[in-house]
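Asker: Fold the following and give me the result.
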Amino acid sequence: MLRNAVLAIRETGGLVKTNLLPVLLVLTIFAGSTYAAEVAPSASAMPWWGWPLALFITCFFLGIVAVPSGVGGGVLFVPIVGGFFPFHLDFVRGAGLLVALASALAAGPSLLRVGLADLRLALPLALLASASSIAGAMIGLAIPASLVQIALGITILGIVVLMASAKKSEFPDVVAPDRLSAALSMHGIFHDASQGKNIHWQVHRTPLGLLLFVGIGFLAGLFGMGAGWANVPVLNLLMGAPLKVSAGTSSFILTLVDSSAAWIYLNKGAVLAMIAVPSVIGMMLGAFIGARLLHVLKASVVRKLVISLLLFAGLRALLKGLGIWM
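Answerer: Sure, this is the predicted structure:
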C-alpha cells in the first residue's frame, strides 16, 4: 500500500511540489502505524490514529507535572508509555529523549526570565553530562532492554530514598562557596512568589558535582529518558542550590544532555515519527503550564511532587524489568 501511494504521488507532478510537506507527514505517520501494528498485533483493534491521539493527551498532562518536579518529561514518559502502550521499548526510549528535550525547551525561556534557571550554574555541568551521554546512548542500545529497566528502577528508587531522608532541602544552608564555584560565578538571586521575597543563593562542593554529572550524563543516554531524575538531587542536596533553582536549572541542562544522546538514537533508527511527533507536541504544550506552576508553588509541594513521581517511575521500571508487571 505504501509503495502504491508513493507511485501515485510521483504521477501528480506539480501537486507534489506544492503539497510536499503534508503528504510526507501523512506517509511518515502511515508507515509508522503500519510498523507499530506489526510490532504489537494484539493492539490492532485500536485504529492507527487512536494511539497518536492517546499519546498526545498523555504527554500533555505529563508535561504539566514534569517541569515543576524538575525530573523532565522523559523519566515519566518511558515507564508509562512503555508499560501501557503497544510499542517496542527501543522506540519509546528514543522518543523519550525527544520528549524530555521538548519539555525543557518549552519551559526554558520562562524559567530563565524569572531567575529559576541559571546559565552560570547549568553550562559547566551540562557540558560534561552531554559528552558522556553519547557513550551511554551507544551502550544502552547494545544491551538487553530488561537489564536497562532493572538498573533504572534501582537507581531511581535510590534517589527517592536519598531525597526522602533529607529533612531540609528547600533552601540549603551554604555557608561559603568553594573556590571553583566562586571562579565560575555560580550564585544568584530569585524571587520566591510563595514567600514574597528575594532569595540569595550560592553553591559548594562543585568539583564533586562536576564529577557526578559525568555519570549522570552517561546514565541519561543509557536509559534514554533524560537526566532530570538525578539533576535535582545533585544540585539541591549536594551542591546546595535551592530546590526551585535546582528544578529550573535541571530543565535547562536537559536541553543540552538530551540533544546529544538523541542523535545516537536517531542515527540507529530508534525514533518512530508516530510515537515522537504527538508526544513532543503534547509535552511542549503541557510544559508551558508547568513552568508557570513552578513559579507559584511552594517548595515543599515541589519536593513532595518530585518524590512521588520518582517513586512511581522507579517501581514501574523495576517491576517491568523483572517481568512482574507487564
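
Asker: Just the CA trace of the helix or strand containing Ala164, in PDB.
Answerer: Secondary-structure element containing Ala164, defined by DSSP states H and E: helix 145-165. In PDB, the C-alpha atoms belonging to helix 145-165 read as follows (Å, rounded to 0.1, in the frame of the first residue of the first chain):
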ATOM      1  CA  ALA A 145      16.100  -3.800  27.500                       C
ATOM      2  CA  SER A 146      15.300  -5.800  30.600                       C
ATOM      3  CA  LEU A 147      18.700  -5.100  32.100                       C
ATOM      4  CA  VAL A 148      18.200  -1.400  31.400                       C
ATOM      5  CA  GLN A 149      14.800  -1.400  33.100                       C
ATOM      6  CA  ILE A 150      16.200  -3.100  36.200                       C
ATOM      7  CA  ALA A 151      19.200  -0.800  36.500                       C
ATOM      8  CA  LEU A 152      16.900   2.200  36.000                       C
ATOM      9  CA  GLY A 153      14.500   1.200  38.700                       C
ATOM     10  CA  ILE A 154      17.200   0.600  41.200                       C
ATOM     11  CA  THR A 155      18.800   3.900  40.500                       C
ATOM     12  CA  ILE A 156      15.600   5.900  40.800                       C
ATOM     13  CA  LEU A 157      14.500   4.200  44.000                       C
ATOM     14  CA  GLY A 158      17.900   5.000  45.500                       C
ATOM     15  CA  ILE A 159      17.400   8.700  44.600                       C
ATOM     16  CA  VAL A 160      13.900   8.600  46.200                       C
ATOM     17  CA  VAL A 161      15.400   7.200  49.500                       C
ATOM     18  CA  LEU A 162      18.100   9.900  49.400                       C
ATOM     19  CA  MET A 163      15.600  12.700  48.900                       C
ATOM     20  CA  ALA A 164      13.000  11.400  51.400                       C
ATOM     21  CA  SER A 165      15.700  11.100  54.100                       C
END
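
Asker: For the stretch 151-300 of the chain, which segments count as helices?
Answerer: 179-183, 206-223, 228-233, 243-267, 273-296, 299-322 (DSSP state H, counting those that start in this stretch).

Asker: Tell me which of those sits most buried.
Answerer: helix 228-233 (a mean of 28; mean count of other C-beta atoms under 10 Å). The C-beta positions use only the backbone N, C-alpha and C, and glycine is treated the same way.

Asker: quick one: Arg205 from Asn231, how far?
Answerer: As judged by C-beta to C-beta, to the nearest Å, Arg205 and Asn231 stand 15 Å apart.

Asker: now swap in Ile275 and tell me
Answerer: Distance from Ile275 to Asn231, by C-beta to C-beta: 25 Å.

Asker: which residues of the stretch 101-250 of the chain score low on pLDDT?
Answerer: Where the stretch 101-250 of the chain drops to pLDDT under 70, the residues are 103, 163, 166-169, 194, 226-229.
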